[in-house]
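K.L.:
Have a look at this prediction, sequence included:
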Amino acid sequence: MKVLIIDDERLARSALRRLLSAHPEVKIIGEAANPGEAIRAIGKTAPDLLFLDVEMPGGSGFDLLEKVEDVPAVIFTTAYDEYAVRAFEVSALDYLVKPITAPRLAGALERARKALAATLKERSNTEDASAVHQIFVRDGDRCWIVRLTDISLLESEGNYTRLHFGGNAPLIFRSLTAIEQRLSAGIFFRANRSQIVNLGWIEAAENDIDGRLSVKLRNGKQVEISRRQSRSLKELLSL
Amino acid sequence: MTVGPVGYCNSRMSSQSTGMPKPQKTAHRLVGGRTYYVSNLVAWSLYGLLQYEVPPEPRGLPVAMGAIAWCGTGLLGTHLLACYADRRDWKTLSQLVTPFVVGTLVLSALMNAARAAVGILWLHEPFRSTRGWVVPAHYVQGVLVLSVWCAVVLAANEVNHRRSAETEALRLALIAQTSQFHALRSQLNPHFLFNCLNSLRELIDEDRDRAKQVIDQLSALLRYTLRADRVETVSLKEELGAVEEYLALEKVRFEERLRTRFDIDPRSLEARLPPMLLQTLAENGVKHGIARLPEGGELAVVTQALEENLRVEITNTGKLSDATEGSSAVGLDNARERLRLMYGDSASLTLTDAGESKVRAELVIPLRSNGLPS
């Protein structure tokens, strides 16, 4: 398990390093003292797991995750209770309050191990490995780490985009076109000017009178496909 | 006077710390106190004496017994009436008027009857000579006397009512101010403590001597904050000691990112100020200024004894906008409120942009002051 430690305090980093040394399967591939260093280290070393301090100078742990292309598994570390609650909402693997104790760390690592094993299995089953990528989504005070495969639909709302996943529909400040560039073409499909659907979520497709397609998603949503896109979707779905 | 809010206030206060004025019942009543008993006894006795002296009939046992029966009934009756009003919790004029009028009318008749009864049953006077159970002229006299009694009691009641309302208002104001004062008293930030313990945990492995030193400093600071709960003011020297301890502990965490500078006017060291005030300002500077900067910054403490005031400046690297938002703003407001409660308008605390991405907190406190106004 490749681990990256992100914390602005040297003593906090070395404390975690010392605690992790009791777990031989953990390989610490680096440390970062601020979000800038962290983003470079994540890009270069592709860690499986981050130990991420919530409060750092030059941006919080959440700001950092927003800038990461493919978000690894995250365990938040914090001395702050208020953020601990938020970290929990983030659907992070776990959160550890400082001073970190050995048994709590062992529990968090166990969760990480299970989650990573599940991701690996999923990745080997999927043709396009990028489908299992995770992104970080923030809407006001609520945050999620969400797998691309779990997003059923993306809708444009002006300069914002609404994501639909697992009963949530947060609005994020990024245009649909900007997001589209980051999405893998094999999984997501541009349905019309304002909507992108996850192909894996299409349950049924039917022809409208004027040759346009209308698809029904597994969560019951109905999406109209534009005339031009209907043709390529028919090819894709080999209808 | 409403009972609801007072009760609420008391219950809330009692859960707080010990320095509070004890909540006590200040409800006033008609009956009670030496004044009530003495004045009633004296008035009715004098009236009885008058009853005995004034009539044209020859004085003697029958007249004396009649006067005692008359006035005794009056004394006992009015006392029972007052007790009854207290028991029913009648306090205002409008509540008391009806029972007093009814009481007067009934009691006057009873006083008549009592005198007649004494004459007939005890002295065996012929019924006719007493001119019946109730003599109209006597009845009117009884009503007049009882009306005087009612008027005096109602007036006394009104005065008491006003006075206790005033006392109550003062007491509540005192409770409010004391509790406000306690709430505003700043304590050591728990986040600071946890961060400190976290660093300490690692330091034990890394540098045992340094770890011991940190424990000493932390103990000294904790002891100071405990003491701060019990005293109104401390000398600047003591407060600066706590600030130095605090900053030394933060340096363990921030290492070279936190740099400090002290420029102390020796004449200012004996000045008095509320405890933990500078510590709060220093903590604000670290938390909302230096902690947010990857390269860190400097925190400078400058003190000056002016003619009439103590002036303290705490300057830190950072942005004014960061220092005036959220929890920092709350901390500053609390500190200002604390100063206002202690010094009125003669102390001030201002936060300004000191240029070169620096924020300056400036505190001015009068040198001659006994702290809390009495």
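P.N.:
Right, received. Where do you want to start? Residues are numbered from 1 along each chain as shown, chains lettered A, B, ... in the order given.
K.L.:
got the domain boundaries for chain B?
P.N.:
Here the domain parsing of chain B from automatic domain parsing is B:4-184, B:190-366.
K.L.:
Spell out whether the shortest one and chain A are in contact.
P.N.:
Yes: using C-beta under 8 Å from any C-beta of the partner chain, domain B:190-366 reaches chain A at B:191, B:194-195, B:197-199, B:201-203, B:205-206, B:252-255, B:291-294, B:296. Every C-beta, even on glycine, is put in place using the N, C-alpha and C of the backbone.
K.L.:
Quick check: residue B:216 vs chain A, distance?
P.N.:
Distance, residue B:216 to chain A, by C-beta to the nearest C-beta, to the nearest Å: 18 Å.
K.L.:
Output the longest helix belonging to the chain.
P.N.:
The chain I'm using is chain A. If you go by DSSP state H, chain A has its longest helix at helix A:102-125.
K.L.:
Chain B, not that one
P.N.:
helix B:136-184.
K.L.:
I'd like the average pLDDT over that one.
P.N.:
Average pLDDT, helix B:136-184: 83.
K.L.:
next SSE after that helix?
P.N.:
helix B:190-206 (DSSP states H and E).
K.L.:
outside of that next one, which residues touch it?
P.N.:
A:9, A:11-12, A:14-15, A:18, A:79-80, A:97-100, B:210-211, B:214-215, B:218, B:246, B:249-250, B:252-253, B:283 (C-beta atoms under 8 Å, 6 or more residues apart in numbering or on different chains).
K.L.:
In PyMOL, select just the buried ones from these.
P.N.:
Remark: buried members of these, expressed as a PyMOL selection using 16 or more other C-beta atoms under 10 Å in any protein chain shown:
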select buried, (chain A and resi 9+11+12+14+15+79+80+97+98+99+100) or (chain B and resi 211+214+218+246+249+250+252+253+283)
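K.L.:
Look up how far residue B:239 lies from the nearest residue to residue B:252 once chain neighbours are set aside.
P.N.:
Counting by C-beta to C-beta, 6 or more residues apart in numbering or on different chains, residue B:252 lies nearest to residue B:199, which is 4.9 Å off, once chain neighbours are set aside. Distance of residue B:199 to residue B:239, given as C-beta to C-beta, to the nearest Å: 24 Å.
K.L.:
so of the domains of chain B, which one's packed in deepest?
P.N.:
domain B:190-366 (a mean of 18; mean count of other C-beta atoms under 10 Å in any protein chain shown).
K.L.:
For that domain, measure first residue to last.
P.N.:
31 Å (C-alpha to C-alpha, to the nearest Å).
K.L.:
chain center to it: distance?
P.N.:
31 Å (C-alpha atoms, centre = their mean, to the nearest Å).
K.L.:
go on, stretch A:175-194?
P.N.:
16 Å.
K.L.:
contact partners of it?
P.N.:
A:69, A:127-128, A:130-131, A:133, A:135, A:148-149, A:154-156, A:159-161, A:196-200, A:215, A:223-226, A:229, A:233, A:236.
K.L.:
now do 7 Å
P.N.:
For stretch A:175-194, the surrounding residues in contact (C-beta atoms under 7 Å, 6 or more residues apart in numbering or on different chains) are A:128, A:130-131, A:148, A:154-156, A:159, A:161, A:196-200, A:223-226, A:229, A:233, A:236.
K.L.:
What subset of these is buried?
P.N.:
Counted by 16+ other C-beta under 10 Å, the contacts of stretch A:175-194 give A:130-131, A:148, A:154-156, A:161, A:196-198, A:200, A:223, A:225-226, A:229, A:233 as buried.
K.L.:
By pLDDT, rank those residues and give me the bottom one.
P.N.:
residue A:131 (57).
K.L.:
before we move on, back to that, what about the contacts of stretch A:175-194, which are in strands?
P.N.:
A:154-156, A:161, A:196-198, A:223-224 (DSSP state E).
K.L.:
circling back to that earlier point, restrict the contacts of stretch A:175-194 to contacts with chain B.
P.N.:
For chain B, no contacts are drawn from those by C-beta under 7 Å from any C-beta of the partner chain.
K.L.:
per-residue pLDDT, residue 46?
P.N.:
The chain I'm using is chain A. 89.
K.L.:
meant chain B, my bad for not saying
P.N.:
Looking at residue B:46, the pLDDT reads 90.
K.L.:
Could you check how far it is from residue B:67?
P.N.:
Residue B:46 is 11 Å from residue B:67, by C-beta to C-beta.
K.L.:
Not counting its neighbours along the chain, what's nearest residue B:93?
P.N.:
residue B:154 (6.4 Å).
K.L.:
Quick check: the one you found vs chain A, distance?
P.N.:
Distance from residue B:154 to chain A, by C-beta to the nearest C-beta: 60 Å.
K.L.:
right, and that residue touches residue B:96 too?
P.N.:
Yes: Residue B:154 lies in contact with residue B:96 (C-beta atoms under 7 Å); the separation is 6.3 Å.
K.L.:
Please identify the buried residues of stretch A:141-161?
P.N.:
A:143-156, A:161.
K.L.:
For residue B:234, state which of those residues is nearest.
P.N.:
Residue B:234 has its nearest neighbour among the buried residues of stretch A:141-161 in residue A:143, at 43.8 Å by C-beta to C-beta.
K.L.:
In terms of helices and strands, where is that closest one?
P.N.:
strand A:142-147.
K.L.:
State whether residue A:51 is indeed within a strand.
P.N.:
Yes: Residue A:51: assigned to a strand according to DSSP: H, G, I helix; E, B strand; the rest coil.
K.L.:
Could I get the contacting residues of the closest residue to it other than its chain neighbours?
P.N.:
Nearest residue to residue A:51 in three dimensions, chain neighbours excluded: residue A:5, at 4.9 Å (C-beta to C-beta, 6+ apart). Counting by C-beta under 7 Å, 6+ apart, residue A:5 makes contact with A:13, A:16-17, A:28, A:31, A:51.
K.L.:
next one: residue A:6
P.N.:
Counted by C-beta under 7 Å, 6+ apart, residue A:6 has contacts A:32, A:38, A:50-53.
K.L.:
picking that back up, how about the longest helix of chain A: buried residues?
P.N.:
For helix A:102-125, by 16+ other C-beta under 10 Å, it's A:105, A:108-109, A:112-113, A:116, A:119.
K.L.:
Send me the next helix or strand after it as CSV with only the CA atoms.
P.N.:
Next helix or strand after helix A:102-125 toward the C-terminus (DSSP H and E): strand A:134-139. What follows is strand A:134-139, C-alpha atoms only, in CSV (Å, rounded to 0.1, in the frame of the first residue of the first chain):
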residue,chain,number,x,y,z
GLN,A,134,-12.7,9.0,-8.0
ILE,A,135,-13.3,12.8,-8.0
PHE,A,136,-13.8,15.2,-5.1
VAL,A,137,-17.1,17.2,-5.2
ARG,A,138,-17.9,20.1,-3.0
ASP,A,139,-21.2,21.9,-2.7
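K.L.:
helices and strands around strand A:134-139, which ones?
P.N.:
Secondary-structure packing of strand A:134-139 (3 or more C-beta pairs under 7 Å, 6 or more residues apart in numbering or on different chains; DSSP states H and E): helix A:61-66, strand A:142-147, strand A:171-172.
K.L.:
the bottom helix or strand of chain A by mean pLDDT?
P.N.:
helix A:81-89 (a mean of 56; mean pLDDT, DSSP states H and E).
K.L.:
before we move on, the earlier item: out of the ones in strands among the contacts of stretch A:175-194, what pair is the most spread apart?
P.N.:
It's A:161 and A:224 that sit farthest apart of the ones in strands among the contacts of stretch A:175-194, by C-beta to C-beta, at 18.1 Å.
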